[in-house]
Structures are given as structure tokens and as C-alpha cells.
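[1] Build me a model:
(one chain, ligands or ions: 1)
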Amino acid sequence: MERRAAGEPIAYLTGNCEFYGLEFRVTPAVLIPRPETELLVDLALERLPVEGRARVLDLGTGSGCIAVSLGRQRPRMEVWAADAVPAALEVARDNALRLGATVRFVRSDWLADLAGERFDLILSNPPYVAAGDPHLSRGDLRFEPASALVAGEDGLNDIRRIVAAAPAHLAPGGWLLFEHGYDQAQRCRALLTAAGFGQVTSWRDLAGIERVSGGCMLETQS
Ligand code: GLN
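    Residues are numbered from 1 along each chain as shown. Predicted structure coming up:
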């Protein structure tokens, strides 16, 4: 109770957090899964075959909540999950094992350590908060890893890297989908369009906020 009174998030005190109907283990090495991120899982599932084979990559997997939820929904799919932080990969591996999802984990700085690998879908909930955003000194965010939250002066440093690198790692017709901040949708769509993505779209979360953007590689491009 003392720790809670000092602001420590419930999820770090209990070590658990529910996401997509599953109970995930969380530690202060990973971001606490957010309900709005379930939109990213729904959008990915809409683009993946129910039966056929597909290769999917979750970038910056953290607790593994996105990759494990996808793996549980589509057991025959090849799900990869990458993170730059070994302590996060440990938590994600444990979640995959306990929740019975087959996920291939790799340590990678975004796509830099995945040379030559191509996927039908790449998705990510990257850090997207601007350095100096006042929210960082309020509520749960004070206790979460800065490396999972903050991405440069405008919050778009990591999204820029992911959008620029993704085309070389997508199969023809493959999709890139990522979560972003409440006021970043327009800039994210511009980045996707500039990188040559087609069908560039943003989707609203349950609060009505444009929360996920994405696009697909045209058949002739990749
Ligand atoms: N949605 C989180 C927040 O605003 C940020 C998570 C992230 O940067 N990916 O608290």
C-alpha cells in the first residue's frame, strides 16, 4: 500500500496485466500493456489469413503482449518478436512459454539486426512520446522504462526509423502497422506516403483518437 500510495502502478506491484484476454507477466523492464494497443492486434488479424501461412514481426515487443496475442489467435502463423533490450526479451519469452504461443524472439535494434528477413506484416507499438512531454512526470509513466516511451524531441524518431527500414523487409503486398500518439496521425501518414506505402490509413481507438497508422507495399515495389 505504501508503494501504491507513492504512485507505483498496480501492474508492477502485482506483476500482472491483462491484454487481449490473456494474463501477462510484467516487470519494470517493460511497458504496461494498454487497452488501446488491442486495436493494433485487431487490425493485424484482419490482414492475416485464418488458415494459410504468414510471417509476422512485432518490433519492440516489450512484454510480448502483441506477439503472444497474435500467436494464440493464429497458431499456424510464423510470429517473430524483436526487442533491443535483453531484460524485455526475457519477460516476453516467459509470457510466450506460459501462455502457450510459439514466437521466435530476436534481439534487434528495430530492423537493423534482421538483414535479409522479409515478412507479410510488420507491427509495432514503438516509443512515441516527445522528450519533455509533461505526461512523462505524471501517473504510471514515471515508473515505466523511458526507452519504451520517449522518442526524441517530437516523439517520432523511432517511427521514422521503422517506416524508412520496413519496405526492405516486407513481402509484396505486406503491411506495416504501428501505434502512435494522439496528435501524430497526420505526420505518420505523411512519413508512410513519402516512403512509398500505398493504402495509407489511420484508425481510431475506442476513445475516438487516431491511434494506429499503416500502409502496404504495392506488389511491384518490394
Ligand atoms: N500510450 C502510452 C502513453 O501515452 C505511450 C506508449 C508508447 O510510447 N508506445 O502512456
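
[2] what bits of the protein have low per-residue confidence?
    Judged by pLDDT under 70, the chain has its weakly predicted residues at 220-222.

[3] where do the helices sit along it?
    2-5, 10-14, 38-46, 65-73, 86-99, 157-165, 185-194 (DSSP state H).

[4] Could you report the distance from A130 to G181?
    Taking CB to CB, to the nearest Å as the measure, A130 falls 8 Å from G181. Bear in mind the C-beta positions are built from the backbone N, C-alpha and C, glycine included.

[5] try H135
    In this structure, H135 and G181 are separated by 10 Å, where distance is defined by CB to CB.

[6] Please apply the same query to P145.
    For P145, the distance to G181 (CB to CB) stands at 17 Å.

[7] okay, those two: which has more neighbours?
    Regarding P145 and G181, a neighbour count based on other CB atoms under 10 Å identifies G181 as having more, with 22 against 17.

[8] what's near enough to touch R142?
    For R142, the contacting residues are 7, 136, by CB atoms under 8 Å, 6 or more residues apart in numbering.

[9] Sorry, slip of the keys, the one I care about is F119.
    55-57, 80, 169-171, 174.

[10] Show me what it bridges to in the sheet.
    On the basis of DSSP bridges, F119 takes part in beta bridges with L170.

[11] which bits of this structure sit near the ligand?
    For the chain, the residues found near the ligand under the criterion CB under 6 Å from any ligand atom are 31, 34, 125, 127-129, 141, 149, 179.

[12] export those residues to a markdown table and tack on distance to V200 and neighbour count?
    Listed next are the residues of the chain next to the ligand as a markdown table, based on distance: CB to CB, whole Å; neighbours: other CB atoms under 10 Å:
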| residue | distance to V200 | neighbour count |
| --- | --- | --- |
| L31 | 26 | 24 |
| R34 | 24 | 16 |
| N125 | 19 | 26 |
| P127 | 22 | 21 |
| Y128 | 17 | 24 |
| V129 | 23 | 18 |
| L141 | 29 | 17 |
| L149 | 25 | 18 |
| E179 | 15 | 25 |
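
[13] Filter these down to just the ones in strands.
    In strands, defined here by DSSP state E, the members of these are E179.

[14] Dump the residues of the chain next to the ligand to JSON lines, plus distance to L70.
    Formatted as JSON lines, the residues of the chain next to the ligand follow (distance: CB to CB, whole Å):
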{"residue": "L31", "distance to L70": "17"}
{"residue": "R34", "distance to L70": "16"}
{"residue": "N125", "distance to L70": "13"}
{"residue": "P127", "distance to L70": "21"}
{"residue": "Y128", "distance to L70": "21"}
{"residue": "V129", "distance to L70": "25"}
{"residue": "L141", "distance to L70": "26"}
{"residue": "L149", "distance to L70": "23"}
{"residue": "E179", "distance to L70": "14"}
